[in-house]
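In: just a sequence and a predicted model for now, questions to come.
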Amino acid sequence: MLGKKTRITVLSVVLSGMLLAGCGAKEAETSDKHADAHQTFAANGDLQEKTAGTDKLPTFLDPLDPMLKTAYSTAAGVKDMLSSIPCYCGCGESAGHKSNLNCFIKEVNPDDGSVVWDDHGTRCGVCVETAMTVSELSKQGKSLKEIRTIIDQTYSTGKYAPPTPTPEVL
């Protein structure tokens, strides 16, 4: 399981972001500042935005708590790991997500490195906590398999939804 210090750090990031973002809240309009952004809405209502790469965060983060920018940047930094980590918020059923990565990034174009970001993570503490925990455990030197085991043990019981259909780590 997660250490007390790690959980406190992760929870402070999650709570800070959720206070301003509002879990489940959806802003329907896009400001003039975002007029040149390549934004679309997914079938489930999530806002998606294309940028040139993971080093350019989506503009939908601009009005939100800066801690959410940290969460998205962190998720981008461990995107290869997150594609092997399930999410336990229910987004597998509600949004068709395949892993925790999809809560932040829908896809990365292998040809030009462009990224389609998803705003799902701006409204979900479980998504943010999972990504931040994966990053922290990676920094501690844990293997992907160990991280997956810790995430599964942490979220497989209690108030969490069934996991996304993420293949097991071999």
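Out: Perfect, I can see it now.
In: contacts and neighbour counts: CA atoms only from here.
Out: Fine.
In: and Ile150, that's in a strand?
Out: No. Counting by DSSP: H, G, I helix; E, B strand; the rest coil, Ile150 is not part of a strand but helix.
In: for it, give its distance to Ser143.
Out: 11 Å (CA to CA, to the nearest Å).
In: more neighbours, these two?
Out: Applying other CA atoms under 10 Å to Ile150 and Ser143 shows that Ile150 carries more neighbours, namely 18 against 13.
In: just the helices in the chain please.
Out: Taking DSSP state H, the helices of the chain run over residues 4-21, 66-77, 79-82, 91-94, 125-139, 144-155.
In: show the average pLDDT along the fourth one.
Out: Averaged across helix 91-94, the pLDDT comes to 95.
In: contacting residues around that helix?
Out: Helix 91-94 is contacted from outside by Asn44, His97, Lys98, Ser99, Cys103, Pro163, Thr164, Pro165, using CA atoms under 8 Å, 6 or more residues apart in numbering.
In: residues near His38, how many?
Out: His38 sits with 13 neighbouring residues when counted by other CA under 10 Å.
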